[in-house]
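Peer 1: sequence and predicted model, in that order:
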Amino acid sequence: MPAYDFGGIESKWQQYWRDNQTFRQPNPGDEGFQPDKPKFYVLDMFPYPSGAGLHVGHPEGYTATDIVARYKRMKGYNVLHPMGYDSFGLPAEQYAVEHGVHPRVTTAKNIENIERQIKMFGFSYDWNRRLATTDVSYYRWTQWIFLQLYNSWYDPAANAARPVSELVEKLAGSQWAVDAEGCIAPADGMRGNIRKWDSLSPKEQSALIDSHRLAYIDEVPVNWCPKLGTVLANEEVTNEGKSDRGNHPVYRRALKQWMLRITTYAQRLLDDIEKVNWPEPIKLMQRNWIGKSSGAEVDFPLQEIASEDWFAQRRGKPFGEPLEGVIRVYTTRPDTLFGATYMVLAPEHPLVGRIVTPQQRQAVEAYVNQAVNKSEMERTAESKDKSGMFTGAYAVNPVTRKPIPIWVADYVMMGYGTGAIMAVPAHDTRDMEFALKFNLPVIQVVEPPRGQDWKGYVDDGIAVNSGQYDGMTTADFKKKITEDLAAVGLARSATNYKLRDWLFSRQRY
C-alpha cells in the first residue's frame with residue numbers, strides 16, 4: 001500500500017477549498033444563503049498571536065470543533081465557523097518595550113505566522129470573517145458598548161438597564177428620590193429621610209448619577225507590578241508574589257479602576273439560569289459563582305461608646321448607614337451571635353488604623369503591610385496556616401453585651417460582605433482554626449444531632465447557651481433574633497452575593 005502523500009494531497013484540497021470558497025457562509029439575505037436550512041454557530045476560543053506560534057493545545061481543541069462543524073454541514077445546516085485573534089495583551093506590549101518595535105508591527109507579524117500554521121491543518125473556517133481584536137473596525141464596537149454601559153443605569157422597577165437621561169428626568173421631576181444611604185427609588189414608596197434632586201448641589205448630583213452608572217470608576221485593591229507598569233490578574237501572579245511574566249515583584253495597591261456594575265444583575269442572573277439549556281452541574285457552578293445567601297447585618301459598637309444610653313438611643317432608629325464607632329458585619333448565621341467571642345477585620349478595612357491602640361500600632365501596621373501584598377488565592381486557601389494580629393481594641397457583642405477583642409486577619413476579604421466578621425469558632429472551621437492558634441474562647445451555641453461533636457459543627461441544630469432562645473431550631477432562631485435586633489435598631493435582614501463587580505481596565509492600551 002503506497003504511503004499517504006501528506007504534502008501533495010493536503011495542499012491540493014486546501015487550495016481547492018480556498019479557490020471555491022467551500023466553507024464561506026453567507027449572511028441571511030446575501031447571495032448563496034439557503035433560508036430553508038437551519039443555522040448552527042461553531043465558535044473557537046481565539047488564539048493569542050505570540051511569537052511562539054501555536055502550541056499543541058490549540059489544534060487539539062480546534063480539531064474537535066471542526067469535526068462538529070463538518071458534521072453539521074453534512075447534516076444540512078448553514079454553519080458559521082469563524083476564526084480570529086485575541087491580539088491585545090501584556091506580552092505584546094512588553095516585547096515592544098524591550099525591543100523598541102511598535103506592538104502593531106510585531107502583532108501583525110505574529111498573526112501572519114499563526115494563521116499560516118492554522119491553515120496547514122485544513123480546518124473548515126470561513127476566512128472571510130477573520131478578525132483581530134486589534135483591528136480598529138473591531139474595537140470601535142467595544143468602545144461603543146462601553147459608552148452604552150456608561151450612559152445606562154439598572155432600573156430595579158424595569159429589571160433592566162435604562163438610559164441615565166431617564167433617571168435624571170425622574171429625579172428632576174420628583175418621581176424619584178434619594179434615601180439616607182444614597183439609594184434611588186420611587187418617591188411615593190419611600191419612608192424616612194429622603195432628599196429631592198433640587199436640594200443637591202451640582203457636585204452631589206453628578207456623584208449620585210455616577211454611583212448608579214453601569215460603568216464607573218472605583219478605587220480597589222489590585223495586583224500592581226511597577227516593573228511591568230500595569231495591573232495583573234490573579235492568574236498572572238505566582239504563589240511567590242511575582243509576575244508570571246518576568247518574575248518581577250507584585251504588590252497589592254488600591255488604584256482607581258474602571259468597573260462594571262454586574263452585581264446589580266445578581267438576582268436576574270440567578271433567575272435566568274433556569275432558562276438556559278445547560279447540564280445541571282454547570283448550572284450549579286454558576287449558582288455557586290453568584291453565591292446568593294440570606295442572613296442579617298448586625299452592628300457591634302466599639303467598647304468606648306457602648307453604654308446603656310447608646311443602646312437605648314438605637315431603639316426605634318432606622319438601620320441606615322453604619323454609625324461612627326460601629327463595626328457592621330454580615331452573617332448568614334445570626335442564630336450563633338451568642339457564640340461570637342471575637343471579631344476580625346480585613347487588613348484593608350478603614351477602621352483598622354483608627355481603632356488600633358498605640359501599643360499595638362507598630363505590629364498591626366507591619367502585619368497589614370505584609371497581608372495586603374498577598375494574592376487573594378493565598379489569603380483564602382483552606383490549607384494555609386492562619387495568621388492575624390490583635391488590634392488592642394474591643395467591640396461589644398450586642399446580645400451578650402460583653403466586650404470581645406478585635407483582630408485583623410488576612411482570611412477576611414474586603415470584597416465580600418462588609419470586610420468584617422463576627423467570629424464563632426465553635427461553628428465555623430476557619431474561626432475555629434484561628435481561635436485554637438491564638439487561644440481565643442470557644443463557646444458552643446448549636447446542639448448537633450446525637451452522636452456528632454459540636455466543635456466545628458456548621459449545620460443546623462438546636463440553640464444552647466443562647467439565653468431566652470435556648471431550645472429553638474436554627475431556622476426559627478435566625479428569624480426571631482433578626483426581628484428582635486431590628487426592633488432595637490441593631491440589625492436588619494439582608495441578602496448577599498459572592499458575585500463582585502468586574503474590574504476590566506487591566507491593561508493600558
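Peer 2: Nice, I can see it. All figures in this text were calculated on a predicted structure; none of them were measured in a lab. Numbering: from 1, shown residues only.
Peer 1: wait, isn't Ile209 in contact with Ser165?
Peer 2: No. Using C-beta atoms under 8 Å, Ile209 is not in contact with Ser165; the gap is 10.0 Å. Every C-beta, even on glycine, is put in place using the N, C-alpha and C of the backbone.
Peer 1: who's more crowded, these two?
Peer 2: Taking other C-beta atoms under 10 Å, Ile209 and Ser165 do not tie; Ile209 has more neighbours (17 against 12).
Peer 1: how about the helix or strand hosting the more buried one: buried residues?
Peer 2: Element membership of Ile209 [criterion: DSSP states H and E] is helix 202-210. In terms of neighbour count (16 or more other C-beta atoms under 10 Å), helix 202-210 has its buried residues at 205, 208-209.
Peer 1: and after it, which helix or strand comes next?
Peer 2: Next element after helix 202-210 (DSSP H and E): strand 215-225.
Peer 1: packing partners for that following strand?
Peer 2: Secondary-structure packing of strand 215-225 (3 or more C-beta pairs under 8 Å, 6 or more residues apart in numbering; DSSP states H and E): helix 136-150, strand 230-232, strand 251-260.
Peer 1: now do the last one: which elements does it pack against?
Peer 2: In terms of contacts (3+ C-beta pairs under 8 Å, 6+ apart), strand 251-260 is packed against strand 215-225, strand 502-503.
Peer 1: deepest of those, which one?
Peer 2: strand 215-225 (a mean of 18; mean count of other C-beta atoms under 10 Å).
Peer 1: quick one: strands adjacent to it?
Peer 2: strand 230-232 (antiparallel), strand 251-260 (antiparallel) (DSSP bridges).
Peer 1: now that strand: how far from the chain's centre is it?
Peer 2: 12 Å (C-alpha atoms, centre = their mean, to the nearest Å).
Peer 1: helix 202-210 and that one, what's the angle between them?
Peer 2: Relative orientation of strand 215-225 versus helix 202-210 (axes from the mean of the first three to the mean of the last three C-alpha atoms, to 10 degrees): 80 degrees.
Peer 1: by how many degrees do strand 215-225 and helix 136-150 diverge?
Peer 2: Using the same axes, to 10 degrees: strand 215-225 against helix 136-150 is 120 degrees.
Peer 1: residues making contact with strand 215-225?
Peer 2: 146, 149-150, 210, 231-234, 236-237, 243, 248-261, 348, 372, 375, 414, 501, 503 (C-beta atoms under 8 Å, 6 or more residues apart in numbering).
Peer 1: which of the residues you listed are buried, as a PyMOL select command?
Peer 2: Filtering the contacts of strand 215-225 down to the buried ones (16+ other C-beta under 10 Å) takes a single PyMOL command:
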select buried, resi 149+231+232+236+237+243+250+252+253+257+258+259+260+261+348+372+375+414+501+503
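Peer 1: strands along the stretch 1-150 of the chain, start to end?
Peer 2: Counting by DSSP state E, counting those that start in this stretch, the stretch 1-150 of the chain has strands at residues 39-41, 78-80, 84-85, 131-132.
Peer 1: low-confidence stretches in the stretch 101-250 of the chain?
Peer 2: For the stretch 101-250 of the chain, the stretches flagged by pLDDT under 70 are 180-181, 189-193.
Peer 1: kindly reformat the strands paired with strand 215-225 as JSON lines containing distance to Ala161.
Peer 2: Below are these laid out as JSON lines (distance: least, C-beta to C-beta, whole Å):
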{"stretch": "strand 230-232", "distance to Ala161": "27"}
{"stretch": "strand 251-260", "distance to Ala161": "11"}
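Peer 1: of those strands, which is nearest Arg18?
Peer 2: When the strands paired with strand 215-225 are compared by C-beta to C-beta, strand 230-232 sits nearest Arg18, at 39.7 Å.
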